[in-house]
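*Asks:* model the following, please.
(one chain, ligands or ions: 1)
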Amino acid sequence: MKYCSTRGAVRGLDFSAAVMMGLADDGGLLLPEEIPQLDSTELQKLSHLSYPDLAFAILSKYATDIPATDLKDLIDRSYTGFDDQQITPLIQKDDLYILELFHGPTFAFKDVALQLLGNLFEYLLKNSGQRMNIIGATSGDTGSAAIYGIRGKQNINIFILHPKGRVSPIQELQMTTVLDENVFNLAVEGTFDDAQAIVKEIFGDLDFKQEHALGAVNSINWARVLAQVVYYFYAWFQVNKETGAEKFDVSVPTGNFGDIFAGYIAKQMGLPINRLILATNSNNILSRCINSGDYSMADVHHTFSPSMDIQIASNFERYLYYLLGCDGEKVVRAMDIFKQTGKLEFTDKQKGQLKLDFSAAAIDDSETLTTISSFYEKTNYILDPHTAIGIAVGKKLRGPEFPLVCLATAHPAKFGDVVKTATGLDPELPEQLIKLAAKKRRVVTIPADKNRVKEYLAANAT
Ligand SMILES: *Cc1c(COP(=O)(O)O)cnc(C)c1O
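*Replies:* Sure thing, here's the model as predicted:
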């Protein structure tokens with residue numbers, strides 16, 4: 001299997017090179033040159049596999065340059081740190097199914113991909129004799145999932161900048177109580193935007209980037225999308241066993257278009273997804289785009305679902321590549337126009353295709369709260385605000401004839417304030433999170449000054 005860029009100037013990479021490249025050298029995103037198809041016989045064969053075995057079966061089709069025994073070992077190790085044997089258990093509540101993606105070490109769905117990415121990086125670096133220093137800014141969840149993915153790995157250090165005093169106490173504890181020597185937490189005296197601007201500037205200094213082998217773990221890495229494809233299959237096999245349905249609808253709370261794009265790939269591979277439902281909060285560029293072809297940037301609103309407070313969904317370019325007929329030059333032109341004008345125009349045919357591929361709606365904060373409270377009253381199950389958005393939109397847009405699966409992306413205790421406002425209850429913290437408060441912490445406070453951050457990096461890089 002070879003990989004190419006959405007912008008056409010990078011082609012013929014094998015999987016390992018695509019993972020190490022992250023963002024393509026031409027500024028695009030990497031995609032497999034073809035999507036492997038599974039027929040019903042093959043689907044049937046996969047339907048009884050455990051989660052790690054299923055992940056191996058699917059990843060084998062894409063990671064063809066990694067020897068099978070190595071790939072199997074990498075995958076098995078990636079899913080040992082989950083607190084449920086099923087890894088992503090499916091439960092039935094009300095008249096729908098919930099796929100719980102928050103059983104990893106940081107209780108958010110990003111663990112499913114980042115646990116694997118950490119092991120992949122370590123394996124590939126060891127084989128090539130290289131090293132890597134990961135740097136990233138976080139407003140909360142991604143930072144801890146990235147740290148837990150990389151902790152203790154060889155030839156790789158991770159530096160995560162968070163705005164001092166401006167992430168939730170649990171998120172801060174999750175990050176700063178990781179004491180592995182290769183993990184560096186920097187509390188920046190400024191806002192998240194300051195921290196992110198510093199990271200961007202540092203990546204822009206190409207000499208510095210090369211000298212210290214800087215890398216990223218952001219959601220544009222193909223391996224992250226691929227890891228997420230697996231649980232769509234896993235959910236389907238269980239729903240199919242239970243209901244005998246021919247197809248299913250799936251609802252996905254979306255920010256960066258990563259998770260929903262994984263569902264799109266699963267569908268292209270032959271998974272019988274009827275409606276792929278995209279749910280946004282009031283940062284609704286994606287739902288506007290699908291419903292009326294209006295892909296135009298607006299200001300970022302802060303909502304109760306902060307991990308989806310995103311206007312420019314970087315993974316959307318992957319879908320755009322297919323929408324524009326796999327023509328890299330057209331993607332380059334579209335992205336240029338978007339950069340200059342802050343919007344994209346679509347033809348009627350493309351607008352039709354968008355609606356065929358997805359159903360979409362946006363949910364504001366007040367409906368997020370009423371969804372959490374009414375779902376709790378009906379089922380005794382507590383939703384986190386991101387999951388609630390997927391459920392609210394899923395209920396509106398599901399077809400009448402098929403079962404609905406809603407992806408649950410975070411443990412409700414991680415967003416306890418919102419849950420309390422909605423239900424009056426404090427969701428119970430998982431034991432591992434309670435224990436964090438008593439743990440030793442390691443964090444360095446640093447001014448919002450790119451030179452000071454660079455000095456720190458240079459002194460502590462591997
Ligand atoms: C990151 C995140 C999302 C959005 O996922 P995308 O892949 O960016 O669409 C949703 N919910 C939670 C809790 C997240 O952390």
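*Asks:* residues of the chain that sit close to the ligand?
*Replies:* Remark: the part of the chain in contact with the ligand comprises 108-110, 141, 219, 253-259, 307-308, 386, 409-410, using CB under 6 Å from any ligand atom. (Glycine included, C-beta is placed from N, CA and C.)
*Asks:* show me what contacts residue 174?
*Replies:* Shown here is residue 174, whose contacts under the criterion CB atoms under 8 Å, 6 or more residues apart in numbering are 106, 144, 147, 148, 433, 436.
*Asks:* going along the chain, name the strands of the stretch 251-400 of the chain.
*Replies:* Along the stretch 251-400 of the chain, the segments classed as strands by DSSP state E, counting those that start in this stretch run 273-280, 295-296, 343-344, 359-362.
*Asks:* from those strands, which stretch is densest packed?
*Replies:* strand 273-280 (a mean of 25; mean count of other CB atoms under 10 Å).
*Asks:* what is the rounded mean pLDDT of that one?
*Replies:* If you average the pLDDT over strand 273-280, you get 98.
*Asks:* just to revisit the earlier point, so can I have CSV of the contacts of residue 174 showing pLDDT?
*Replies:* Output for the contacts of residue 174, formatted as CSV (pLDDT from 0 to 100):
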residue, pLDDT
106, 95
144, 94
147, 97
148, 96
433, 90
436, 92
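*Asks:* which two in the residues you listed are spaced the farthest apart?
*Replies:* Farthest pair in these (CB to CB) is 147 and 433. Separation: 14.8 Å.
*Asks:* the two - which one has more neighbours?
*Replies:* More neighbours surround residue 147 than the other of residue 147 and residue 433, with 30 against 17 (other CB atoms under 10 Å).
*Asks:* now do the SS call for that one.
*Replies:* Classification of residue 147 by DSSP: H, G, I helix; E, B strand; the rest coil places it in helix.
*Asks:* neighbours of the closest residue to residue 94 other than its chain neighbours, just the number please.
*Replies:* Excluding the flanking residues, the one nearest residue 94 by CB to CB, 6 or more residues apart in numbering is residue 379, at 5.3 Å. A count of neighbours around residue 379, defined by other CB under 10 Å, yields 14.
*Asks:* what's the answer for residue 206, then?
*Replies:* Neighbour tally, residue 206, other CB under 10 Å: 9.
*Asks:* ok, the closest residue to residue 146 other than its chain neighbours - contacts?
*Replies:* Closest residue to residue 146 apart from its sequence neighbours, by CB to CB, 6+ apart: residue 217 at 4.7 Å. Contacts were defined as CB under 8 Å, 6+ apart; by that measure residue 217 touches 114, 117, 134, 136, 146, 149, 150, 158.
*Asks:* what does residue 95 give?
*Replies:* In this structure, residue 95 makes contact with residue 404, judged by CB under 8 Å, 6+ apart.
*Asks:* and the gap between it and the ligand?
*Replies:* When distance is defined by CB to the nearest ligand atom, to the nearest Å, residue 95 is 23 Å away from the ligand.
*Asks:* among the residues of the chain next to the ligand, which are located in helices?
*Replies:* Using DSSP state H, 110, 141, 258, 259, 386 are the members of the residues of the chain next to the ligand that sit in helices.
*Asks:* most neighbours among those residues, which one is it?
*Replies:* Greatest neighbour count in those, by other CB under 10 Å, goes to residue 386: 32 neighbours.
*Asks:* look up how far residue 406 lies from that one.
*Replies:* 11 Å (CB to CB, to the nearest Å).
*Asks:* how close does residue 180 get to the ligand?
*Replies:* Shown here: residue 180 relative to the ligand, a distance of 22 Å by CB to the nearest ligand atom.
*Asks:* in the stretch 101-250 of the chain, what residue lies closest to the ligand?
*Replies:* Residue nearest to the ligand within the stretch 101-250 of the chain (CB to the nearest ligand atom): residue 141, separated by 4.3 Å.
*Asks:* phi, psi for residue 293 please.
*Replies:* Summarising the backbone geometry of residue 293 under the convention degrees, to the nearest 10, its torsions are phi 70, psi 20.
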